[in-house]
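> Provided below for reference: sequence and predicted model.
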Amino acid sequence: MQYMLLLHHDDTPFTAASPEDQEKMSAPYMAYNEALIKAGAMVSGERLRGASSATTVRVRDGKTEVLDGPFATTKEQLGGFYIIEAPDLDAALGWAARCPSANYGIVEVRPIWPTR
Amino acid sequence: MAAGAEQARAAAEAAARQSYGRLVAWLSARTRDVAGAEDALADAFAAALSRWPETGVPDHPEAWLLTVARRRSIDQRRRRMTGEAGQAHLRLIGEELEQEMAREKFPDDRLGLIFACAHPAIDAGVRAPLILQTILGFDAATIASAFLVSPATMSQRLVRAKSRIKQAGIPFRIPEKAELHERLSAVLEAIYAAFAEGWTDASGAESRRRNLASEAIWLGRLVVDLLPNEPEALCLLSLMLHAEARRPARRGPLGEFVPLSEQDTLLWDAELIGEADALLQSAGALDGIGRYQIEAAIQSAHAARRFAGRTDWAAIATLYAGLMTLSASPVVAVNHAVAVAYAGALEQGLALLDAIDDARLNEYQPYWAARAELLSLVGNAAEADKAYQLAIGLEPDQAVRQFLKRKRAAVSSK
């Protein structure tokens, strides 16, 4: 099965950090990526730019409304995602627990709905 | 109905539920689709429940169920009625299961299914109902009446839980050693919840709820059979058997409530107590100590009254103190305080009761009843009366309420 791991966390400490510190903060993610690839579990994964760069769009009555900012105004924002291959939920939860974001944010695990 | 016929009917029903549970577990372990497995077998199971009491249990009950399931599906296909989910299972039955059946022993996947039902990703409140439905084949209406919720609500919760198992990919297996302890405790908790629901109906007036206690014991036995070296599984069964052994003594001839301390020990089921104590002893030889082990030991200490003629409250107080360090809860704290008081330290017991700081106790009948009892023992009739009044107001069971009213009258007449 495939699962999406949605990484929610407060991204302000990272955006405020110096480039050197940002590199240090990214190191655990590099190691995590390696582990996923080695285990053959990595399908894809990306980091997102900060929530302050988000724009939301909706169309109502044929009219497009564009708004500045993220959809939800919570401190913990979607900061990145992985799509992984795992035999079952327990394996996916195991990967979620190893994700660096789980230590300071929340990792949501969602099964992919196969439509093709 | 004659007692013999009644027994035959019960045996046939148990066999039908046993085979049904094994087949549902086998099918859903391979497809993760519990609802589909139930659909595929529903008609055959209903036929077994109605026919086996008359015809007797067939030699190969699982094969009987499968044959009927397939025949029904052909009938239904003619009428274009069978659901798609059930179809996939019926194909499985045709191709794969027959080979399995040809082998000597049909594999038992029920424990894997139980672990899936009690998975941390399943809402804790629906785990026990889910196990009762998938393993024992109870319908949603029966389970709903036992858990005192509306059939529509229960059926919705069960459907949602089953689709969650399928969509989230919850595995059907016994967890690895590192996780087993925690996951097993969720399974045991669900079984205990089912037992407690059945236990509430002391008089057995509601047959559905009383059956729930025996079904929980049956599940407890199943887990012990499949995991014989897990002390907490042994001790949960021991605990339930101890409680069940006292059922005949819990009500007087007129249906009146009889508290444990006044029960006629001759009415206790000696055979069940013996089995319960043996389980506790086997668990003692294994590593680790858990809450059910201590709770079973407390029950065993109460059961010892039938030989000793008195209750060793000091030992029970020590056990409750141990239980508090393992699983602190206001309920355990109340029991501990009462045991300390009965062991001779009345004032200390009362002080311990006073010291428990938990708002939930305001609505907990046994807390007020215990408080009233201890207050009356130290001669504080006025406060005891108030506490009895609160306990009576909180108690839903008519027989227990009558008992508390008698106690209250005795205090105020002093």
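Yep, it's here. Residues are numbered from 1 along each chain as shown, chains lettered A, B, ... in the order given.

> check the stretch 201-350 of chain B for the residue nearest chain A and tell me.
Using CB to the nearest CB, the single residue of the stretch 201-350 of chain B nearest to chain A is residue B:227, 18.3 Å away. Any C-beta I mention is one placed from the backbone N, CA and C, and that applies to glycine too.

> burial of that residue, as a residue count?
Residues near residue B:227, counting by other CB atoms under 10 Å in any protein chain shown, number 16.

> what of the one 3 residues further on?
Number of residues near residue B:230 (other CB under 10 Å) recorded here: 21.

> in space, what's closest to the residue of the stretch 201-350 of chain B closest to chain A - neighbours in sequence excluded?
Excluding its sequence neighbours, the residue lying closest to residue B:227 (CB to CB, 6 or more residues apart in numbering or on different chains) is residue B:233, at 5.3 Å.

> equivalent analysis for residue A:112, please.
In space, residue A:112 is closest to residue A:2, 4.0 Å off (CB to CB, 6+ apart).

> by mean pLDDT, point me to the weakest helix or strand of chain A.
Across the helices and strands of chain A, mean pLDDT, DSSP states H and E gives its lowest value to helix A:12-16, namely a mean of 87.

> no, scratch that, I was asking about chain B
For chain B, judged by mean pLDDT, DSSP H and E, that is helix B:98-102, with a mean of 66.

> now do the very next helix or strand once past the least confident helix or strand of chain A, average pLDDT.
Where DSSP states H and E defines the elements, the next helix or strand beyond helix A:12-16 is helix A:19-38. The average pLDDT for helix A:19-38 rounds to 95.

> buried stuff in helix A:19-38?
A:29, A:32, A:36 (16 or more other CB atoms under 10 Å in any protein chain shown).

> contact partners for residue 48?
With no chain named, the answer covers chain A. Residue A:48 is in contact with A:78-81, counting by CB atoms under 8 Å, 6 or more residues apart in numbering or on different chains.

> wrong one, I was asking about chain B
Counting by CB under 8 Å, 6+ apart, residue B:48 has contacts B:12, B:16, B:19-20, B:61, B:64-65, B:68.

> repeat that with 6 Å
residue B:16 (CB atoms under 6 Å, 6 or more residues apart in numbering or on different chains).

> residue of chain A nearest chain B, please.
Closest to chain B within chain A is residue A:88: 3.9 Å, counting by CB to the nearest CB.

> what residues does the stretch 51-200 of chain B put near chain A?
Contact residues, the stretch 51-200 of chain B versus chain A (CB under 6 Å from any CB of the partner chain): B:167-171.

> nearest to residue B:90 among those?
Closest to residue B:90 out of those is residue B:167 (21.8 Å), distances taken as CB to CB.

> next one: stretch B:146-164 to chain centre, how far?
18 Å (CA atoms, centre = their mean, to the nearest Å).

> got a list of contacts for that stretch?
Contact with stretch B:146-164 is made by B:34-35, B:122, B:126, B:130, B:133, B:140-141, B:143-144, B:197, B:208-209, B:212, as judged by CB under 6 Å, 6+ apart.

> give me the neighbour count for the closest residue to residue A:69 other than its chain neighbours.
Nearest non-adjacent residue to residue A:69, counting by CB to CB, 6+ apart: residue A:54, 6.0 Å away. Number of residues near residue A:54 (other CB under 10 Å) recorded here: 16.

> pLDDT score for residue A:54?
92.

> now swap in the one 4 residues further on and tell me
Residue A:58 carries a pLDDT score of 94 in this model.

> make sure it is indeed in a strand.
Yes: assessed by DSSP: H, G, I helix; E, B strand; the rest coil, residue A:58 belongs to a strand.

> so it sits against residue A:65, correct?
Yes: with contact defined as CB atoms under 6 Å, residue A:58 counts as touching residue A:65 (5.3 Å).
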